[in-house]
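A.B. asks: Pasting a predicted model and its sequence here:
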Amino acid sequence: MSKSVLVLSASPRKGGNSDLLCDRFMQGASESGHLVEKVFIKNKKINYCTGCGTCFSGNKPCPQKDDMADILDKMVSADVIVMSTPVYFYAMNGQMKTLIDRTCARYQEINDKEFYFIVAAADTSKKAMQRTIEEFRGFTDCLTEPREKGIIYGTGAWNIGDIKDMPVMQEAYLMGKTIE
């Protein structure tokens with residue numbers, strides 16, 4: 001059965017290491033017959049959550065007029081959500097955190113999804129990436145019936161393109177290919 005796969009790439013660089021891992025994951029998923037779409041967050045206007053309370057104190061949509069409403073529609077509709085970030089100072093980058101914060105308006109509708117996490121970092125230790133993975137889990141713990149399906153650790157990649165010749169590129173491809 002074909003699934004709808006939404007890839008949220010928070011790389012600030014098109015073709016950056018985390019973005020390249022997204023592309024390989026997408027290639028595998030697409031070759032397996034899934035419908036795949038990538039949102040390159042850098043190209044979207046996503047304002048910070050202002051904590052105004054409109055979205056949770058009266059079932060009204062977020063009053064901000066930016067690209068987040070469209071992204072939330074895609075998140076609610078997707079079967080699979082891939083969240084990808086470069087790791088800065090052992091945490092997700094600001095673009096991904098801002099997107100997560102803005103899901104407040106509809107996070108209760110992001111139900112029964114499969115999640116994959118992709119991180120890319122200069123550090124070579126997967127253990128050092130656990131803080132970032134826990135940040136993703138902090139988000140999914142607020143959702144109803146999320147299923148974490150896999151993590152791709154793109155470690156040891158500092159400069160743009162460092163990841164290209166690493167075995168993790170094949171891991172990303174195979175993980176996308178094995179979506180059931």
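C.D. replies: Structure received.

A.B. asks: Helices along this structure, start to end?
C.D. replies: Secondary structure of the chain, counting by DSSP state H: helices at 17-31, 68-77, 94-102, 130-140, 168-177.

A.B. asks: any idea which of the ones you listed is most buried?
C.D. replies: Greatest average neighbour count among the helices of the chain goes to helix 17-31 (a mean of 23), per mean count of other CB atoms under 10 Å. Heads up, the C-betas are built off the backbone N, CA and C, glycines and all.

A.B. asks: what helices or strands is it leaning on?
C.D. replies: strand 4-9, strand 35-40, strand 80-88, strand 114-120, strand 147-154, helix 168-177 (3 or more CB pairs under 8 Å, 6 or more residues apart in numbering; DSSP states H and E).

A.B. asks: list the helices and strands the fifth one packs on?
C.D. replies: Other elements packing on strand 147-154 under the criterion 3+ CB pairs under 8 Å, 6+ apart are helix 17-31, strand 114-120, helix 130-140, helix 168-177.

A.B. asks: 7 Å instead?
C.D. replies: Applying 3 or more CB pairs under 7 Å, 6 or more residues apart in numbering; DSSP states H and E, one finds that strand 147-154 contacts helix 17-31, strand 114-120, helix 168-177.

A.B. asks: could those go into a markdown table alongside distance to residue 162 and mean pLDDT?
C.D. replies: Converted to a markdown table, the helices and strands packed on strand 147-154 look like this (distance: least, CB to CB, whole Å; pLDDT from 0 to 100):
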| stretch | distance to residue 162 | mean pLDDT |
| --- | --- | --- |
| helix 17-31 | 6 | 98 |
| strand 114-120 | 9 | 98 |
| helix 168-177 | 11 | 98 |
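
A.B. asks: can you list these in JSON lines and add distance to residue 3?
C.D. replies: JSON lines is the format used below for those (distance: least, CB to CB, whole Å):
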{"stretch": "helix 17-31", "distance to residue 3": "8"}
{"stretch": "strand 114-120", "distance to residue 3": "8"}
{"stretch": "helix 168-177", "distance to residue 3": "11"}
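
A.B. asks: No more questions from me, cheers.
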